[in-house]
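Participant: Dropping a prediction and its sequence here:
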Number of protein chains: 2
Amino acid sequence: MTNSAVREYVEANRERFLDELKELVAIPSISTLSEHQADLRHAAAWLAAHLREQIGMDTARVIETGGHPLVYGEWLQAPGKPTVLIYGHYDVQPVDPLELWKTPPFEPTVVGENLYGRGAVDDKGQMFATIKALEALKATGGFPCNIKLLIEGEEEAGGASIAQYVQDHPSELAADCALILDTGMVAKGVPTICYALRGLTYLEIEARGAGHDLHSGSYGGIAPNPIQALAWVLADLKSRDGTINIPGLYDTVRPLSEQERATLERQSKQLAPGLMQAAELHALPGEAGFSVLERATARPTLEVHGIRGGFVGQGAKTVIPAVATAKISLRLVANQKPDAVLELVRQRVAELAPEGIELIIHEHHGGEPVEVGLDAPVLQQAVAALEEEFGHPVEFERGGGTIPVAALFAAVLGQPVVMMGFGLADDNVHAPNEKFYIPNYYHAIRSVAGFLSRVGG
Amino acid sequence: MTNSAVREYVEANRERFLDELKELVAIPSISTLSEHQADLRHAAAWLAAHLREQIGMDTARVIETGGHPLVYGEWLQAPGKPTVLIYGHYDVQPVDPLELWKTPPFEPTVVGENLYGRGAVDDKGQMFATIKALEALKATGGFPCNIKLLIEGEEEAGGASIAQYVQDHPSELAADCALILDTGMVAKGVPTICYALRGLTYLEIEARGAGHDLHSGSYGGIAPNPIQALAWVLADLKSRDGTINIPGLYDTVRPLSEQERATLERQSKQLAPGLMQAAELHALPGEAGFSVLERATARPTLEVHGIRGGFVGQGAKTVIPAVATAKISLRLVANQKPDAVLELVRQRVAELAPEGIELIIHEHHGGEPVEVGLDAPVLQQAVAALEEEFGHPVEFERGGGTIPVAALFAAVLGQPVVMMGFGLADDNVHAPNEKFYIPNYYHAIRSVAGFLSRVGG
């Protein structure tokens, strides 16, 4: 059903489509760092102008928020046809450690079949593929259905603004389904639909001891040490066998069916070698009794993302620091609630404070887990579009990551959420040398066009 | 016995003595940071020139080493009189966290009765007091005994150069006793002689997981996390009850006599409130069954001095880092050997490596513990000089810190080591806002002069 005209249009505009993406990736729109505020506005304005001038949406505008702006575009000139709400994000992760990048993160560089740069795949590349699909449709016969497009700039920073906006504007965003390209493929050449995502609660634990740094010659053996305290707390929160020791945490986890567990076990055998290779690991340790993919997508986890305290310069300093901090997050699965989990963590951490140490919790952000029913007609239309594009059966997978807005679209707007992913395991998402496998950029453009054509009938 | 002429000379030169010390403290001679190499040379040259021109030593020179230079001075024109080898160090600790300093660390500032600045008391202030004592003696009748003076620039960085030098030049450094001013007082107004010091072994544990940073959305629950690994290792090395879990570590610890333990318990009652107040602490937790001072001076300890890994910037990043490191040290007591302890730590850490994590140990430096017999005549001469100066009985104490050269003087040169200390508990040694209580500067000058006069008979 994919229009051969769309194929030809994409082929004819191959280079320009890539150049435009490079232009977008070159904008250092890191949402968690305040010094990049102007870059985020630049990216938003660039996208709004592009939607207006290049794609021909009815309307395309930057929406101010308390944080980074949203970009909203719409084309609603197909009365009687369904409406698809397309979501993406233009913000990216920080780039440190910068010294591990082989090419500068904001100088997008093609090496072989890959485009390297921060945001190349997460999510600028995938998000921009939806826009290029719209362009191809518009240029070859017009949009087949009504389109709403909502792009945020805080996905990597908690997404508070879009969460507020979705809750405040349900009728403006009303649609028959949502389409999100922000996930991955189980393997190169295997079209993949993600039907479940994990939630998240992110926090920082600050351990405070003395009023100032002390000398271990005078205080070694008698003063509380905030780094040692964090070590005890982190070790008590998670055992060496991968169990998270937070009373109540596992109580609300929905048990998987035997069939789901078997699928995850099969996918684990298929994917574990690639996951190990991509990470340069010889083992994937974790909670006993669960397959690799079950642990990575269907079990709650606790990970430490950063820790700092005391003297970390060159050489030796025998200080007992006054303070140390650790950033941690828990990934959540249905039916865990971020706020409830945060409260469990608070209670547990309070119990674990060693003598003489004050533990302070700083809350960052959370996101709900999401699961989408496989029987929705739009999901079947996505399957058809992907299978035509790839000539390979679709694999359904659970994602280990978090797209808080997917839960909002499902819960607040009541829309089935279609998540087609085009990232590969070795795309270095959130890490140095992030890349997008360029053939997947064009696959994504054509798949989205095929999907929208099917939705439009 | 202290010459009243010495008292008058010190009084008449009060301001100049303080100004000269400020000049020395202003030199940022941080031995562990390579960018300060020129500052260390500057400090050494300044001292050698001062000894030659101002103090009138026979010889005073900078001695090149593989690391930072030594300063050596001597005056040997009192045949038949004893020789005293005076030791000090001109290097200082790093100053971070700089933002906690109320005055710039290398702009020495007098506030009330204190001189603030890095090195004000450790050890520039105390070391320079010995030099000013020599000046006062020279100006008021001449040196009462033979003098050798050896000042190093690597005390805070392991002291490898002086260790080598002492071993290579025993006859050049031959003396009847050594005098070190690099310790503290049990309380303001209470003259204190330190008769035991702890040793040290310092190392860094590097935990390596994946080949690059990973995204916890993809790898949370399956990838080894180097920060979590360090937390497990640190928690396994030291229990919440303060016990160090390294097999064999306690085997070589010399048990204290009941009298020593009783003295430490008495001193603990006296000193614990001040130690807590100075550190702004409400508890001094640690190994059960041992008094505060026994834990701080006569028990081995393990402290984490610094830790780093992953994302520690502003905001949130859901990374699983590839690497994390912790700097730790163990303070040692008689009869523990730094090299043997390091080997025990290596063995234990190797056992503790979690699956998928490589633990690499980087060795920094070590120092032997030392204990001095209380019956040596020079120790009694030091007692007499201090009791005359302070009008208060001397307190004998064990020090919790490490002066590796003291062990060398005792072991290699066979000299009794006299350690008079003039630092106070709230002097913020090794921490921001280091200071020297100025009256103690003059006490130190007069006490050293009184001691040398007594040694000279």
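Facilitator: Sure, I can see it.
Participant: Please count neighbours and contacts with C-alpha atoms only from this point.
Facilitator: Will do.
Participant: for residue A:162, what are its contacts?
Facilitator: Residue A:162 is in contact with A:70, A:152, A:154, A:405, counting by Cα atoms under 8 Å, 6 or more residues apart in numbering or on different chains.
Participant: so it, which of the three states?
Facilitator: helix (DSSP: H, G, I helix; E, B strand; the rest coil).
Participant: Equivalent analysis for residue A:127, please.
Facilitator: Three-state call for residue A:127 (three-state DSSP): helix.
Participant: isn't residue A:117 right up against residue A:111?
Facilitator: No. Judged on Cα atoms under 8 Å, residue A:117 makes no contact with residue A:111 at a distance of 10.8 Å.
Participant: ok, these two, which is more surrounded?
Facilitator: Neighbour count, other Cα atoms under 10 Å in any protein chain shown: between residue A:117 and residue A:111, residue A:117 has more, with 28 against 12.
Participant: can you tell me how far the more buried one sits from chain B?
Facilitator: As judged by Cα to the nearest Cα, to the nearest Å, residue A:117 and chain B stand 15 Å apart.
Participant: Now do the helices in the stretch 1-150 of chain A.
Facilitator: Applying DSSP state H, counting those that start in this stretch to the stretch 1-150 of chain A gives helices spanning A:4-12, A:14-25, A:37-50, A:124-139.
Participant: what's the last one in contact with?
Facilitator: When contacts are taken as Cα under 8 Å, 6+ apart, the neighbours of helix A:124-139 outside the stretch itself are A:6, A:9-10, A:17, A:21, A:24-25, A:51, A:54-56, A:86-91, A:119, A:143-144, A:181-182, A:421-422, A:436, A:441-442, A:444-446, A:448-449.
Participant: quick revisit: now the helices of the stretch 1-150 of chain A as CSV including mean pLDDT, mean neighbour count and distance to residue A:220?
Facilitator: Formatted as CSV, the helices of the stretch 1-150 of chain A follow (pLDDT from 0 to 100; neighbours: other Cα atoms under 10 Å in any protein chain shown; distance: least, Cα to Cα, whole Å):
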stretch, mean pLDDT, mean neighbour count, distance to residue A:220
helix A:4-12, 96, 15, 67
helix A:14-25, 98, 17, 50
helix A:37-50, 98, 20, 44
helix A:124-139, 97, 24, 51
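Participant: For residue A:175, find the nearest of those helices.
Facilitator: Each of the helices of the stretch 1-150 of chain A has some distance to residue A:175 by Cα to Cα; the shortest is helix A:124-139, at 16.6 Å.
Participant: Name only those of the contacts of helix A:124-139 that count as buried.
Facilitator: For these, a burial check counting by 16 or more other Cα atoms under 10 Å in any protein chain shown picks out A:6, A:9-10, A:17, A:21, A:24-25, A:51, A:55-56, A:86-91, A:119, A:143-144, A:181-182, A:421-422, A:436, A:441-442, A:444-446, A:448-449.
Participant: Which members of those residues occur in strands, if any?
Facilitator: A:86-89, A:181-182, A:421-422, A:436 (DSSP state E).
Participant: count of neighbours near residue A:353?
Facilitator: Neighbour number of residue A:353 under other Cα under 10 Å is 17.
Participant: That one and residue A:327, how far apart?
Facilitator: Residue A:353 is 16 Å from residue A:327, where distance means Cα to Cα, to the nearest Å.
Participant: what's the answer for residue A:447, then?
Facilitator: From residue A:447 to residue A:327 the distance is 38 Å (Cα to Cα).
Participant: For the stretch 51-200 of chain A, which residues are neighbours of chain B?
Facilitator: Listed as neighbours of chain B in the stretch 51-200 of chain A under the rule Cα under 8 Å from any Cα of the partner chain: A:93-94, A:96, A:156-157, A:198.
Participant: farthest pair in those residues?
Facilitator: Using Cα to Cα, the two most remote members of these are A:96 and A:198, lying 24.7 Å apart.
Participant: Looking at these two, which is more packed in?
Facilitator: residue A:198 (31 against 17).
Participant: check contacts around the nearest residue to the more buried one once chain neighbours are set aside.
Facilitator: Nearest non-adjacent residue to residue A:198, counting by Cα to Cα, 6 or more residues apart in numbering or on different chains: residue A:369, 4.4 Å away. Residues near residue A:369 by Cα under 8 Å, 6+ apart: A:196-200, A:332-337, A:402, A:404, A:407.
Participant: Please report how far residue A:369 lies from residue A:398.
Facilitator: Taking Cα to Cα, one finds residue A:369 at 11 Å from residue A:398.
Participant: Find the residues that touch each one of the two.
Facilitator: In contact with both residue A:369 and residue A:398: A:196-197, using Cα under 8 Å, 6+ apart.
Participant: what's the domain layout of chain A?
Facilitator: Split into domains by automatic domain parsing, chain A comes to A:4-197+A:369-455, A:200-253+A:300-367.
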